[in-house]
Structures are given as structure tokens and as C-alpha cells.
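Asker: with the input below, show me the fold.
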Amino acid sequence: MNPKIVVTANAFSKNEVLVNQLKKFTDNIVLNTTGRYTKDELISNLKDADGAIVGLDKIDKSVLQECKNLKIVAKYGVGLDNINVADCKDSNIAVGWTGGVNKTSVAEMTLGYMLMLIRNLYVTSNKLKDGIWNKSGGFQLSGKTVGIIGVGHIGKEVIRLLEPFRCKILVNDIIDQTEYYKKNNLIEVSKEQIFQESDIITIHTPFTEDTENLVTLDKLKEMKNSAYIINTARGGIINENDLKVAIKDGIIAGAAIDAYVTEPPADKEFIALANLISTPHIGGNAKEAVEAMGFSAIKHLEIFFKDNQ
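Answerer: Next comes the predicted model:
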């Protein structure tokens, strides 16, 4: 069996290690080395594929109905917000996905953000590059109150990495995890309490109808003006315009953002704010995480076609 596999994920397609691993499974592959596909390009490439490895491409009924040979979609990455699982099920197309494969990569960057923000490392480093000798060293992370909204794979990894800092950790999630919270000395509270009491808030939820604009100006106004907020999850969970106002007006001390509504972000004034760390959606892109996500996608294809020969 030599199934045709189309890789729509540009980052996978350009990774020699992952491509060589995929070739061990099948030599009938099509790679995307040009960038994000338009919808028409996506359909054109997938219409005669047996399987696909997709990144952020939107996979729904309008795409699937044009792809009659497609049997499985394997996710290169962790979020499933771009893949309509129900539509795939209706079309008898399997979805290969493993949660948490890049959790350490994202969690490490989140911890890095925390230290850069609270110790004033980012701002003072940039000022020094402009010839300004600013000796403001911020505050220690140790012993501070950290609020975590979304206690899934990544949220739990952030909690693990925070252990040596002896922080008071407030948590909120839609899933009951009482035993885990007790075991790890976490305090389950409302989102309102997290906004009101935290020195740093970090968000690790999926992007859904319930989390879109989860953080607005009204919520930001509930925060301490010395507090920081971090989003390494998905663009649109924090309202970017409201965050811009909150930072410019000193409502909060600053923020770190790795995901945006539009990527790359169009609002240059926003990403240039002095006390906003803005990175180009690289939270899950440590070398180890990139390979783990790719190997996971390949493994799902191997298992599926082995079981369905």
C-alpha cells in the first residue's frame, strides 16, 4: 500500500527530518513549500489525496465534500479549532490528533514571558539598545500570585515549571479537576477572582465561541495596575484593541502575546508597545516540539492505513 499523502502544513514540508520520516511510510507525497494555501488551493491539492497532514488550514464540510478519496486528516499541531471534527465524522474521515505534544515548548516560553515581564527584562533591554541606562529591576516572580485560565496539558506543564518559585496559583477551568488541584496545592477560583488578585495571568484555553473575547477592557480593568497578562493560546481570546488601550493607559503593567487574530498582525502600533512582548506564534516551535508534532501526525497515518488495508 502506497497511499497518497498531501502535507498542507508549510512548516512540516520544509522540515527535512519530518519529510524523511514520512518518506519511510510512503513515497507518494505532496509537500507545500509555498506558504498557507487559499481555500481553492487546499481543495485542489486534497481532492485526490488518501490522507493529509494539516496545520492551521480550515477543514470543514465545504472542503471535505470536494475530497472524495480522503480517508484521514492528521493534525500537525495541538489545537483542533481549525478542523471540524463533526464534519469529518459525517464524511467518514478519521482525525488523527494527540493533545499536548508541544506542551513543554509552550510552557517554557510562558515561564520565560513571566520572568521577562515581572523582572522588567524586556523593557530595560530594549532601552539599553537605545542608549538608556534604566536600572529598574521589577519584582521577583517567587511568591507572587499567578492565575491560570485553562488547566489542560499546557496549563499543567506551566504549573509544574512554577514549582520552584513557590507561587500562589489560582486556577480556573470548565472541567472538574478537584483531585489534581488538591494534590498540587492549587486554588480553584472564579475568573473574576483571578483577574482581581493575580500578579500574572496566563491563558491556556482553546479558541471557541465561549472563549472568543474572553478578555475585554472591562476584565482588564479588574486587574491590578501592576499586573501582567499572557496569551500563548490563540488569537482572539484577548481582545487586541482592548489590550492596546489597557497597556497605553496604564490600566495594566504590560502583556506578552504570541497569537493574534490576523497573522502576521496588522496593527503595528499595537505590537510596538514598549511593555508588550510580541512574538510571531512560536510558542510550540521549539525544535523538539516541531519534531514531536510531526512524528505524531505520521504515526496516526501509519496506524490508520495499517488497520485499514
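Asker: now the helices for the stretch 151-300 of the chain?
Answerer: Using DSSP state H, counting those that start in this stretch, the helices of the stretch 151-300 of the chain run over 153-161, 178-183, 191-197, 217-222, 240-248, 268-271, 287-307.
Asker: out of these, which is the most enclosed?
Answerer: Of all the helices of the stretch 151-300 of the chain, helix 153-161 has the most neighbours on average by mean count of other C-beta atoms under 10 Å, namely a mean of 21. To be clear about C-beta, it is placed using only N, CA and C from the backbone, and glycine gets the same treatment.
Asker: average pLDDT for it?
Answerer: Mean pLDDT, computed over helix 153-161, is 97.
Asker: before we move on, what about stretch 266-277?
Answerer: So the average pLDDT for stretch 266-277 ends up being 96.
Asker: residues contacting that stretch, please?
Answerer: 113, 116-117, 122-123, 126, 240, 243-244, 247-248, 253-257, 265, 278 (C-beta atoms under 8 Å, 6 or more residues apart in numbering).
Asker: off-centre distance for that stretch?
Answerer: Put simply, stretch 266-277 sits 19 Å off its chain's centre (C-alpha atoms, centre = their mean, to the nearest Å).
Asker: ends of it, how far apart?
Answerer: 16 Å (C-alpha to C-alpha, to the nearest Å).
Asker: Tyr113: neighbour count?
Answerer: Applying other C-beta atoms under 10 Å, we find 24 residues neighbouring Tyr113.
Asker: give me the element it is part of.
Answerer: Following DSSP states H and E, one finds Tyr113 within helix 103-118.
Asker: outside of that helix, which residues touch it?
Answerer: Here helix 103-118 has contacts from 78, 121-122, 138-141, 144, 146, 153-154, 156-158, 160-162, 199-200, 202, 204, 228, 230, 232, 253-256, 258, 277, 279, 282-286, 288-289, using C-beta under 8 Å, 6+ apart.
Asker: out of the residues you listed, which end up buried?
Answerer: 78, 122, 138, 141, 144, 146, 153-154, 156-158, 161-162, 199-200, 202, 204, 228, 230, 232, 253-256, 258, 277, 279, 283-286, 289 (16 or more other C-beta atoms under 10 Å).
Asker: those residues in strands, which ones?
Answerer: 146, 200, 202, 228, 230, 254-256, 277 (DSSP state E).
Asker: closest to Asn92 out of the residues you listed?
Answerer: Ranked by distance to Asn92 (C-beta to C-beta), those are led by Thr202 at 39.0 Å.
Asker: please name the nearest non-neighbouring residue to that closest one.
Answerer: In space, and not counting its chain neighbours, Thr202 is closest to Ile230: 4.2 Å by C-beta to C-beta, 6 or more residues apart in numbering.
Asker: state the distance from the one you found to Lys168.
Answerer: 17 Å (C-beta to C-beta, to the nearest Å).
Asker: please apply the same query to Ala94.
Answerer: Look at Ala94 and Lys168: by C-beta to C-beta, they are 43 Å apart.
Asker: between those two, point out the one with more neighbours.
Answerer: For Ala94 versus Lys168, neighbours defined as other C-beta under 10 Å are more numerous around Ala94 (19 against 15).
Asker: need the residue closest to the centroid of this protein.
Answerer: Ala233 (3.6 Å; C-alpha atoms, centre = their mean).
Asker: list the contacts for that residue?
Answerer: 150, 154, 203-207, 259.
Asker: find the nearest non-adjacent residue to Ser136, please.
Answerer: Using C-beta to C-beta, 6+ apart, the closest residue to Ser136 is Asn120 (5.3 Å).
Asker: surely the one you found and Gly137 touch.
Answerer: Yes: contact criterion C-beta atoms under 8 Å: Asn120 and Gly137 qualify, at 6.0 Å.
Asker: more neighbours: which of the two?
Answerer: Asn120 (19 against 10).
Asker: okay, and Ile148 sits in which element?
Answerer: Per DSSP H and E, the secondary structure element for Ile148 is strand 145-149.
Asker: domain ranges for the protein, per the record?
Answerer: Per automatic domain parsing, the structural domains of the chain span 5-99+287-307, 103-278.
Asker: and those domains, which one is worst for confidence?
Answerer: domain 5-99+287-307 (a mean of 93).
Asker: okay, how far is it across that one, tip to tip?
Answerer: Across domain 5-99+287-307, first to last residue, C-alpha to C-alpha, it's 17 Å.
Asker: stretch 181-192 too?
Answerer: Across stretch 181-192, first to last residue, C-alpha to C-alpha, it's 18 Å.
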